[in-house]
Each structure stands twice: as C-alpha cells, then as structure tokens.
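Participant: based on what follows, work out the 3D shape:
(one chain, ligands or ions: 2)
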Amino acid sequence: TMDEARHVLAERFGYASFRPGQEALVEAVLEGRDVLGVMPTGAGKSLCYQVPGVAAHGMALVVSPLVSLMGDQVRSLLDAGVRGAYLNSTLTPGQQGTVMRRALEGAYDVMYVAPERLADPRFTDFAAQADIALVAVDEAHCVSQWGQDFRPSYLAVGDFIATLPARPPVCALTATATGRVRADITRLLGLRDPLVLVTGFDRPNLGFAVERLEPKRKIARIAARALASPAESGIVYCSTRKDVERVHEALVAAGVPATRYHAGLAKEERAANQRAFIDDDAPVMVATNAFGMGIDKSNVRYVIHHNLPGSMEAYYQEAGRAGRDGEPSECLLLWSDGDISTCRFFIEQESGNEELTPEEADAVRATRRRMLETMVGYCYTVDCLRGYILRYFGEPAEGGCGNCGNCTGGVEAVDVTAEARAVMRC
Ligand code: ADP
Ligand code: MG
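Facilitator: Ligands and ions are numbered 1, 2, ... in the order given. Below you'll find the predicted structure:
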C-alpha cells in the first residue's frame, strides 16, 4: 500500500516525500498496473521500482544495460538497508548460481540483470520459479531502433515478460522518449494499458535564447557575454576539437579566464582543466560534448552553444548543466547555416554501432535526420522556446514562458517555417 511505500521511502531511503511523478508511478505499480515513466536524468527514476521492490511481497527484477553501474547501485542499496543483488557476466557461474538460489529463498528486494541474461535458459528457469513483484525496464528507449541507443538485446525483454507464469506489472523508465519511441516501448515490451507519465522536464530558472550569427561573429558574442560578468561560471560547447581550440584561444586573448576540454587532450590535462573549472579557478569551460557527463557543478550561470547540436536531447542535456542551484541562468544557442551541413555530414558518415545490421543502421540514420530537423525547428521557431522544448519531451506547455528570447521579443516575429524547410533541403 502507499502507506507502506511512504514508510519505506522515509525509513530506508531517508527522503521526506516523493518527487513529482514518483508517487503516481509507485502507486500504479503497487496496484498491479503497467507504467511508462518518462523523466529527465537525475529526476529519480530508480526509486520508482526500488520502493515497490521493498514494499511489495516479492522482488523487483530490474533490466538494465548499464552493467558497469550495477555493482555501485547494489552497494548503495545495501548501505540503505535494502537487500539488493545483481546478475551479470562479471560474476562467475558459481556466483550466479548462488545469487539465483538465494533469490528463490526470498533474500532480495531488488535484483538487477543485464538484458543478455533474459535469453539464457538457466535464468528463465529461475525466473519462472522466483517471486517477482514487478519487472522494471530501465533505459527502456533502448528497445526502439528509432532512438540513438538501440540495443538488439532489449528485443528479448518483451518475450521474457510474456513467458513469466504470473505476469507481474512492468515499470518501464526512460529519460528520452519521443512519441514514436514511446509507442515502440509499449508495443515491444508488451505493456498492457500502461499509465504513461511524463514529468519534470521544465527548468523554470533557465532562460533560453537563440541567435543566428555569421560564424566569424560568434566568438565576439561569446567573449562579450563572458566579460559582462567575468567571475561567473559558464560552459561554451563547440562541435569540434578545432573549434574548441580556436574559441578557447580567442577568449583567453580577450581576457576571459577560460580553460578547455576535448578528447584530443592528454588525460592529465583534461583532469587538471576540469578541476580548474570546478574550483572556479578557470570559471569558463570551452569543450566538446565529451565534457559534462557526471559533472555536478551547481553554479554554472550560462551555457552557450557555439554550434548547433544534433538533437534536442543533446541540446537540452548540455544546456541543462546551467543553473543546477536553481538560480536564474542563461542557455544561448548560436548557429549559422554551415552548422546544419556539419551535423548532416556527421550523420551520413557515421559508421554507427557495430551491433546493427545495415537496415537498422539506415533506420538509425533516418531517425537522426529527423532529430536534426526538430533541432533546426527550434532555431527557427517564433513561439516560446521553453514551450518548444517541453512539447518535444511530451510535456504539455501552453502560452509563453515570458523568460525566453522569443517571449521577451528579442527577435522579429516573422514566420520563417518555409525558409527552415528550404535550408533543410539544401
Ligand atoms: P534517474 O535514474 O532518473 O537519472 P536516480 O534514480 O539516479 O535518477 O536519482 C537521482 C538522485 O535523486 C539520487 O541521488 C536520488 O537519491 C535522488 N532522489 C530520488 N528521489 C528522491 C526523493 N523523492 N527525494 C529526494 N531525493 C531523491
Ligand atoms: Mg537511472
């Protein structure tokens, strides 16, 4: 029941209340209903299956592609007094046998498995006898070839669920799901009348703006912003290492305390530059998208994109590194026509994921072209930029936010949709 769930949340996890969305998902799962939760990274998706795993009779079986993180996830569960375990190829066959035997004795509340495991007869025999309160599918978008992280091994998840003797509720979770990916998740996992919940994408303290600039005017624009408040922390994203070098050099020459980060630098230099940025010794970071994963710097006041990113997912993830502390922060996207050709070039020449057949690789390229089109649409829209982002992620957004470049009237209100189409065709 929800009282038990709230008790588990407070006593085991030490949290006073559920975040938006968590409560509804937990409640539905405990009532036996399938759910699809779409929430951004860091929103707290794990609790949506961990809490029911503890509160319900039987365990949560969690399918996750992140084999390297399972050990850490289980360790933090154990620290909280939650009985966790994982089954993947890092364990010896003997250890795997022990984990399965103990699971049959009811020793676990939450058990992580890699998707590859689901086709293994030893595992399916085990699962048929185990007391499984729910199956959680983390990173559920991996089942769809219309996304960027398609994993053929995820196609086995739906069959696995269908063959469980007492079909438990399924809790599918993802941070990115367009309508098409969402439909794939529902169909390929065999979700039954799922509660679909999309929440938490809005970041009210971020002010979005887009400026179309000649390439040669971009650096001056960035330098002007940085010098307007030299002590403030900012990130400048560039699409290539060469641009990082160029922009970094120009900013330093203009007196901006900037550092840089890209995969072409030696490991030691990357680490040192990252540290200088985190410690505010060099408050401005110029980087490729290699920078940022797992970085939690709360006082980043602006994120400027020197080039157009390839998708709204990529843009929002990178821009979202501004203002983690909740203070007003800027997300400025600079773009020029040449950026679109560069993105297109990346898509066409990318050899792609080796797991993919040529047909699948074609499908992935087609998706990425569409994602780019949506990103270009963001540059051209005359409507509220925040609304454009939220609608893209499936969250309702009406009226203007009053806080983006378009709402505050920084641009001329002309309908350039036709022009956008022409640009996409060239
Ligand atoms: P996601 O999988 O959505 O990226 P996680 O499940 O890893 O996010 O959770 C991100 C962080 O949020 C974790 O540190 C987690 O402990 C914290 N968190 C989750 N739910 C709550 C809550 N209800 N109250 C406070 N913190 C929470
Ligand atoms: Mg997660």
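
Participant: check contacts around whatever residue of the stretch 301-426 of the chain ends up closest to ligand 1.
Facilitator: Using Cβ to the nearest ligand atom, the closest approach of the stretch 301-426 of the chain to ligand 1 is made by Q317 at 11.4 Å. Where you see a C-beta, it was placed from the backbone N, CA and C, and this is true even at glycine. Contacts for Q317 (Cβ atoms under 8 Å, 6 or more residues apart in numbering) come out as 41, 292.

Participant: quick one, grab the pLDDT at it.
Facilitator: On the pLDDT scale, Q317 is placed at 89.

Participant: for it, what is the enclosing helix or strand?
Facilitator: Using DSSP states H and E, Q317 falls within helix 312-319.

Participant: how far does that helix sit from the chain's center?
Facilitator: Per Cα atoms, centre = their mean, to the nearest Å, the displacement of helix 312-319 from the mean C-alpha position of its chain is 9 Å.

Participant: would you mind putting the CA coordinates of it into CSV?
Facilitator: Extracted as CSV, the C-alpha positions of helix 312-319 are listed here (Å, rounded to 0.1, in the frame of the first residue of the first chain):
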residue,chain,number,x,y,z
MET,A,312,17.0,18.4,-28.9
GLU,A,313,18.0,15.6,-26.5
ALA,A,314,21.7,16.5,-26.8
TYR,A,315,20.9,20.3,-26.6
TYR,A,316,18.7,20.0,-23.5
GLN,A,317,21.1,17.8,-21.7
GLU,A,318,24.0,20.1,-22.3
ALA,A,319,22.1,23.3,-21.8
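
Participant: quick one: list the elements packing against whichever helix or strand comes after it.
Facilitator: Next helix or strand after helix 312-319 toward the C-terminus (DSSP H and E): strand 329-335. When contacts are defined as 3 or more Cβ pairs under 8 Å, 6 or more residues apart in numbering; DSSP states H and E, strand 329-335 packs onto strand 206-212, helix 215-228, strand 300-305, helix 312-319, helix 358-380.

Participant: most packed of the ones you listed?
Facilitator: Neighbour counts (mean count of other Cβ atoms under 10 Å) averaged over each of those peak at strand 300-305, with a mean of 24.

Participant: phi and psi next, for the residue of the chain at minimum distance from ligand 1.
Facilitator: With Cβ to the nearest ligand atom, the shortest gap between the chain and ligand 1 falls at G44, namely 2.8 Å. Main-chain dihedrals, G44, degrees, to the nearest 10: phi 100, psi 50.

Participant: close enough to count as contact, it and R19?
Facilitator: Yes - using Cβ atoms under 8 Å, G44 is in contact with R19, at 5.1 Å.

Participant: show me which of those two is the more surrounded one.
Facilitator: Per other Cβ atoms under 10 Å, whichever of G44 and R19 has more neighbours is G44, with 18 against 14.

Participant: now do the contacts for that one.
Facilitator: Counting by Cβ under 8 Å, 6+ apart, G44 has contacts 19, 22.

Participant: how about 10 Å then?
Facilitator: 13, 15, 18-22, 37, 50, 200 (Cβ atoms under 10 Å, 6 or more residues apart in numbering).

Participant: could I get the pLDDT score of N273?
Facilitator: pLDDT for N273: 96.

Participant: got it, and the one 5 residues further on?
Facilitator: Confidence per residue is given as pLDDT, and for I278 that number is 94.

Participant: kindly report the same for R369.
Facilitator: At R369, the model reports a pLDDT of 92.

Participant: from what I can see it touches E350, true?
Facilitator: No - contact criterion Cβ atoms under 10 Å: R369 and E350 do not qualify, at 11.6 Å.

Participant: on the three-state scheme, L134 is what?
Facilitator: When classified by DSSP: H, G, I helix; E, B strand; the rest coil, L134 comes out as strand.

Participant: show me what it is bridged to.
Facilitator: L134 has these beta-bridge partners by DSSP bridges: A60.

Participant: since we're on it, how many residues are nearby?
Facilitator: 23.

Participant: repeat for R241
Facilitator: Neighbouring residues of R241 were enumerated by other Cβ under 10 Å; the total is 17.

Participant: contact partners for it?
Facilitator: For R241, the contact set (Cβ under 10 Å, 6+ apart) comprises 260-265, 287-288, 290.

Participant: again with G81
Facilitator: Going by Cβ under 10 Å, 6+ apart, G81 touches 11-13, 54, 109.

Participant: most neighbours out of these, which is it?
Facilitator: Neighbour counts for those (other Cβ under 10 Å) peak at V54, which has 26 neighbours.

Participant: the contacts of G81 into CSV, with extra columns for secondary structure?
Facilitator: CSV is the format used below for the contacts of G81 (three-state DSSP):
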residue, secondary structure
E11, helix
R12, coil
F13, coil
V54, helix
D109, coil
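
Participant: ok, these vs L385, which is closest?
Facilitator: L385 lies nearest to F13 out of the contacts of G81, by Cβ to Cβ, at 35.5 Å.

Participant: where do the strands sit along the protein?
Facilitator: Here the chain has its strands, by DSSP state E, at 35-38, 59-63, 84-87, 110-113, 132-137, 170-174, 195-198, 206-212, 233-237, 258-261, 284-287, 300-305, 329-335.

Participant: do the first one and ligand 1 meet?
Facilitator: No - residues of strand 35-38 contacting ligand 1 under Cβ under 6 Å from any ligand atom: none, with a closest distance of 8.8 Å.

Participant: so where's the protein uncertain?
Facilitator: 294, 351-355, 410-426 (pLDDT under 70).

Participant: could you redo the last one with a cut-off of 50?
Facilitator: Within the chain, the stretches with pLDDT under 50 are 411-417, 419-426.

Participant: residues from it in reach of ligand 1?
Facilitator: Proximity of the chain to ligand 1, by Cβ under 6 Å from any ligand atom, involves residues 15, 18-19, 22, 39, 41-47.

Participant: I figured T408 hits C401, correct?
Facilitator: Yes - with contact defined as Cβ under 10 Å, T408 counts as touching C401 (9.5 Å).

Participant: mutual contacts of these two, please.
Facilitator: Listed as contacting both T408 and C401 by Cβ under 10 Å, 6+ apart are G207.

Participant: picking up where we left off before, including distance to V62, could the contacts of G81 go into a markdown table?
Facilitator: Formatted as a markdown table, the contacts of G81 follow (distance: Cβ to Cβ, whole Å):
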| residue | distance to V62 |
| --- | --- |
| E11 | 21 |
| R12 | 16 |
| F13 | 16 |
| V54 | 13 |
| D109 | 11 |
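
Participant: what touches both of G44 and R19?
Facilitator: Residues touching both G44 and R19 by Cβ under 10 Å, 6+ apart: G200.
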